[in-house]
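1. Curious how this folds, go ahead:
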Amino acid sequence: MGDPELLTMLATEAERRSPTIITGIEQLAGSGQKDSDRIEELRVEAHGLKGAALVVGQERLADLARLIEEFLVGCADSGRINPASAAAVVTATSAFTEGAQAAAEGVREPSSVGDSLNTLSR
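-> Sure thing, here's the model as predicted:
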């Protein structure tokens, strides 16, 4: 299960970082603008989620955050986010938050985590 206090901190971290990632992805994908610096900022947020999940032993959440981070790394050179891919990454970021909250509450991992892992692993 893990330390309840640390799991609560993970959920808090997810609630803090996820909206930044989601908003950034949606804005960049919707506008078609080129902004490598913003993508890097979003990557740093995803990296923070990955690290937080690893510290508390939430391997599946860490994998999910890694996949989000890898998506953003893949967008960095072009500076653009493909709208067709953006929805899956936004969903995955929300799933991370849901998973972190479930871990903090000591309840079963939501299916959204596994679904997003499967989608982004393709």
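2. wait, Gly32 sits on Arg80?
-> Yes. Using CB atoms under 8 Å, Gly32 is in contact with Arg80, at 6.7 Å. Glycine gets a C-beta too; all of them are placed from N, C-alpha and C.
3. Next one: the spatially most central residue of the chain from Gly106, what distance?
-> The chain has Thr93 as the residue nearest its centroid, 3.6 Å off, counting by CA atoms, centre = their mean. To Gly106, Thr93 is 23 Å away according to CB to CB, to the nearest Å.
4. coming back round to it: buried residues in the helix or strand harbouring the residue nearest to the centre of the chain?
-> Using DSSP states H and E, the element containing Thr93 is helix 83-105. Residues 85-86, 88-104 are the ones in helix 83-105 that count as buried (16 or more other CB atoms under 10 Å).
5. now the helices for this protein?
-> Counting by DSSP state H, the chain has helices at residues 4-31, 36-55, 59-76, 83-105, 111-121.
6. For this structure, which residues score under the pLDDT cut-off?
-> Low-confidence segments of the chain (pLDDT under 70): 1.
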